[in-house]
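Q: Coordinates for the following, if possible.
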Amino acid sequence: MSKLDTLQAALEAALGGKIQRLKREFGEITIEVTPQDYAQVAQLLRDHADLQFEQLIDLCGLDFSEYGNGGYEGQRFAVVVHLLSVSKNWRVRLKVFCADDDFPQIDSVNTIWNAANWFEREAFDLFGIIFVGHEDLRRILTDYGFIGHPMRKDFPTSGHVEMRYDAIAKRVIYQPVSIEPREITPRVIREDNYGGL
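A: Numbering: from 1, shown residues only. Now for the predicted structure:
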């Protein structure tokens, strides 16, 4: 029995019917759970004697709106958590989709793993995912007055506003975007005898 088989058996025994989907790919296991079970599953992953995922490595948001060239059927926003068990020397990926596409929210796991704090703030800032129960959920990478969430697929590449330093006013000012969208097609030069061929 391989280590991955042992981990899968431990996950299935500890979490049972809370696992919606279990996927083995590239030597790793990804489990998907419902938003209602997310916090409880996270607690079990950390505290269960057969699992002991005491360390959160990463937490990130995902926007599936254009997944499969827009042919994806399902919820738009997801949160993915990468966990490590130092004592058991194994990893697992926990995935949960937000129930509402218009107001994506999910329970915070910051009380379970302190490392989730800034990761959840980043997912809120860039994707607009609300982490219910997070004690300090505010922007972390963009400006406080920033409008929108820049990692969403429908956010314009040029943004909504631009900022620049005004030497006369001696301060940074915001103004509408002055960049005109354009499509650049690279010019390809083909030579008959390129490279001596």
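Q: Give the burial count for Thr30, as a bare number.
A: Neighbours of Thr30 under the rule other C-beta atoms under 10 Å: 16. For glycine as for every other residue, the C-beta is placed from the backbone atoms N, C-alpha and C.
Q: host element of the nearest residue to it once chain neighbours are set aside?
A: Residue nearest to Thr30 in three dimensions, not counting chain neighbours: Arg93, with 4.2 Å by C-beta to C-beta, 6 or more residues apart in numbering. Here Arg93, judged by DSSP states H and E, is contained in strand 90-97.
Q: Remind me what that strand packs against, helices and strands.
A: Packing partners of strand 90-97 (3 or more C-beta pairs under 8 Å, 6 or more residues apart in numbering; DSSP states H and E): helix 3-15, strand 28-33, helix 38-47, strand 77-85.
Q: Could you list the paired strands of the next helix or strand after that strand along with their orientation?
A: The helix or strand immediately downstream of strand 90-97 is strand 105-107, counting by DSSP H and E. Each strand paired with strand 105-107, and its direction, by DSSP bridges: strand 130-132 (parallel).
Q: what element comes up after the strand it pairs with heading to the C-terminus?
A: Next element after strand 130-132 (DSSP H and E): strand 161-166.
Q: Need the residues that contact that next one.
A: Strand 161-166 has contacts (C-beta atoms under 8 Å, 6 or more residues apart in numbering) with 143, 147, 171-179.
Q: right, and Lys23 touches Thr30 too?
A: Yes. Counting by C-beta atoms under 8 Å, Thr30 is a contact partner of Lys23 at 4.6 Å.
Q: Low-confidence stretches in the chain?
A: Flagging of the chain using pLDDT under 70 yields the residue ranges 181, 189-190, 193-197.
Q: distance of Leu44 from Leu11?
A: Distance, Leu44 to Leu11, using C-beta to C-beta, to the nearest Å: 10 Å.
Q: Now do the shared contacts for those two.
A: In contact with both Leu44 and Leu11: Leu51, using C-beta under 8 Å, 6+ apart.
Q: So for the two, which sits in the more crowded spot?
A: Legend: neighbour count by other C-beta under 10 Å for Leu44 and Leu11, higher for Leu11 (23 against 19).
Q: Appreciated, that's everything.
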